[in-house]
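Engineer: One predicted model, sequence on top.
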Amino acid sequence: MSKQLEIYTDGACRGNPGPGGWGALLIYGGERKEICGGEHNTTNNRMELSAAIEALASLKRSCELTLYTDSQYVMKGMQEWIKNWKARGWKTAAKQPVKNADLWKALDEQVARHTVNWVWVKGHAGNEGNELADQLANRGIDELGDE
């Protein structure tokens with residue numbers, strides 16, 4: 001049985017927009033890696049996307065993995081919407097520009113490097129990996145300071 005890479009991601013925002021953070025927990029076998037970051041003026045959706053982008057970008061080689069997110073926006077975007085957005089030149093069905101297209105493109109680029117199984121988990125429901133990713137996202141905000 002080969003070891004399975006699992007990634008838990010989360011984004012947080014204090015105010016929307018406002019200071020935001022992203023966090024990710026990467027688990028492979030018995031090894032765990034925690035990463036986080038933040039931005040001074042952002043939205044929750046941008047931080048949810050950033051968590052997934054940064055987690056996948058941190059991988060040094062192509063992997064087969066399961067990525068857990070509590071964001072329906074990220075899940076539906078990757079599983080339902082992105083194919084049509086790309087076909088329409090990053091426009092919605094209503095012919096409007098896709099919100100956060102810069103991050104969706106970056107996530108699409110990272111996903112292309114890997115085999116990703118997307119799993120939605122209910123946020124703040126006691127899932128250990130999700131709870132830690134949430135703590136990391138909040139740490140990302142806390143570490144911004146008052147620049």
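Structural biologist: Looks like it came in fine. All of these numbers come straight from a predicted model, not from anything done at the bench.
Engineer: going forward, measure contacts between C-alpha atoms and count neighbours the same way
Structural biologist: OK.
Engineer: Run a quick check on residue 63 versus residue 111, I expect a contact.
Structural biologist: No. The pair residue 63 / residue 111 is not scored as a contact, 9.9 Å apart, by C-alpha atoms under 8 Å.
Engineer: More neighbours: which of those two?
Structural biologist: For residue 63 versus residue 111, neighbours defined as other C-alpha atoms under 10 Å are more numerous around residue 111 (18 against 15).
Engineer: correct me, but the more buried one touches residue 55?
Structural biologist: No. Residue 111 lies out of contact with residue 55 (C-alpha under 8 Å); the separation is 10.6 Å.
Engineer: So what's the residue count around residue 29?
Structural biologist: 10.
Engineer: Find the nearest non-adjacent residue to the residue positioned nearest the centre of the chain, please.
Structural biologist: With distances taken as C-alpha atoms, centre = their mean, the residue of the chain nearest its centroid is residue 52 (2.6 Å). With C-alpha to C-alpha, 6 or more residues apart in numbering as the criterion, residue 52 has its nearest non-adjacent residue at 6.0 Å, and that residue is residue 9.
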